[in-house]
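[1] I'll drop the sequence and a predicted model, then ask my questions.
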Amino acid sequence: MPESQILALACALIARPSVTPDDAGCLELIGARLASLGFALERIDVGGVSNLWARRGSTAPVVCLAGHTDVVPTGPLANWTSDPFRPEIRDGFLFGRGAADMKSSLAAFVTAIERFLAAHPDHPGSIALLLTSDEEGDSIHGTVEVCRALQARGETIDFCIVGEPTSVDRLGDMIKNGRRGSLSGRLTVKGVQGHVAYPHLAKNPLHLVAPALAELVAIEWDQGDDYFPPTTWQISNLHAGTGANNVIPGSAEILFNFRFAASNAPEALKARVHAVLDRHGLDYDLAWTLGGKPYLTARGALVRAMSAAIRETLDVETALSTSGGTSDGRFIAEVCPQVVEFGPVNASIHKINECIEVADIEPLSRCYQLTLEKLLLEAADDRQS
């Protein structure tokens, strides 16, 4: 398939202003191409979110390509060199919102499948796509809903590749074989409001909570392991007061977040925080939100296939990493034992003038295609031999 066809599909997707959770017709465009290849299409739209489950084949193994059509808001349009939803090529780069995160990956998915099926129309196993318009937003009606539907009917996935932009300096230098969990807390510490000139008539919640916060900052939650860095605890917001400089606040609100390894458990982290707060005698309320569980795919068939495809296509030895934020891989891991993420260089994602090097788009598609071949064809040959 000529590179121009892959580039044309990437541009067509970027031209659709699919700011989360609006799909803006991306799934219809992709679905039409998949239907022509014999995929059965199933829309699982929930709460204003567009989701697509597409599958070709009815036997194992099931290799799934997963991603999202939604993009983050553009920010001030005046700061963009060109219209973010009018794709433009300059100096060898394709510019537009979603160019790197992750409409080029979606175009690479589709074209990889088209080439694979043209060469192997009677392939063993099944190919699936799981696409959503709710990854960049709340992520409550997107991939998680599709996974629930699959679980409810006992449908499983054997291998999944998520097209997130994982590369750092050059295409293929890093894939994610897991992600840390995310646990957030909203801590409200209660005091007594009063005049700063009469502190004996008030209780300053900031003064009361400061020693506890210092203790929490100093805790070594774990030491990490071979795959995960140590768990971190970070304060993201601290708010108190009326805005006047002569009023002791009556309460203080602290927002914080854990990024934790698979070796740690949310309930254990919660218990340790409560123990510190209780030991300092604080009057407080604490509400918890588990944003995502950690997941890990050890070195197995999928990691080997993806790493080999990158090596053979790009002559790059890829590194495994669990760094970065959360992704929809955390939901897919509930129904699939092996999940990896691989996609373009991520230096410009979520930024003004987001872009991808045009020369990377076709090799990205080749990597996906070769991974399909290794998982569906070479594995089948191994089973028969």
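    Yep, that arrived.
[2] in the stretch 201-350 of the chain, which spans are strands?
    With DSSP state E, counting those that start in this stretch as the criterion, the stretch 201-350 of the chain has strands at 232-240, 247-248, 251-260, 284-292, 295-296, 319-321, 338-341.
[3] Out of the ones you listed, which one sits most buried?
    Comparing those on average neighbours per residue, with mean count of other Cβ atoms under 10 Å, the densest one is strand 338-341 at a mean of 26. Bear in mind the C-beta positions are built from the backbone N, C-alpha and C, glycine included.
[4] Can you name the element that comes right after that strand?
    On the C-terminal side of strand 338-341, the closest following helix or strand by DSSP states H and E is strand 355-357.
[5] For that following strand, which helices and strands make contact with it?
    strand 93-95 (3 or more Cβ pairs under 8 Å, 6 or more residues apart in numbering; DSSP states H and E).
[6] what's the span of stretch 151-170, first residue to last?
    37 Å (Cα to Cα, to the nearest Å).
[7] buried ones in it?
    For stretch 151-170, the neighbour count (16 or more other Cβ atoms under 10 Å) marks 157-167 as buried.
[8] so what pLDDT did residue 3 get?
    pLDDT for residue 3: 59.
[9] Residue 250 now?
    98.
[10] That one and residue 188 touch, don't they?
    No: assessed by Cβ atoms under 8 Å, residue 250 is found out of contact with residue 188, at 10.7 Å.
[11] if I pick residue 285, what's in contact with it?
    187-188, 190 (Cβ atoms under 8 Å, 6 or more residues apart in numbering).
[12] try 6 Å
    Residues counted as contacts of residue 285 (Cβ atoms under 6 Å, 6 or more residues apart in numbering) are residue 188.
[13] again with residue 314
    172, 363.
[14] how about 8 Å then?
    For residue 314, the contacting residues are 170-172, 363, 367, by Cβ under 8 Å, 6+ apart.
[15] Show the buried residues in the residues you listed.
    Taking 16+ other Cβ under 10 Å as the criterion, what is buried in the contacts of residue 314 is 171-172, 363, 367.
[16] before we move on, the earlier item: figure out which of the strands of the stretch 201-350 of the chain is closest to residue 33.
    Counting by Cβ to Cβ, residue 33 lies closest to strand 338-341 out of these; the figure is 23.1 Å.
[17] residues making contact with that closest one?
    Residues contacting strand 338-341 (Cβ under 8 Å, 6+ apart): 158-164, 166, 175-177, 179, 295, 297, 300-303, 306, 327, 329, 332-333.
[18] one more time with 6 Å, if that's ok
    Contacts for strand 338-341 (Cβ under 6 Å, 6+ apart): 159-162, 164, 166, 175-177, 297, 300, 302, 306, 329, 332-333.
[19] what's the answer for stretch 351-359, then?
    With contacts defined as Cβ under 6 Å, 6+ apart, stretch 351-359 is touched by 75, 79-81, 92-95, 97, 99-100, 104, 344, 348.
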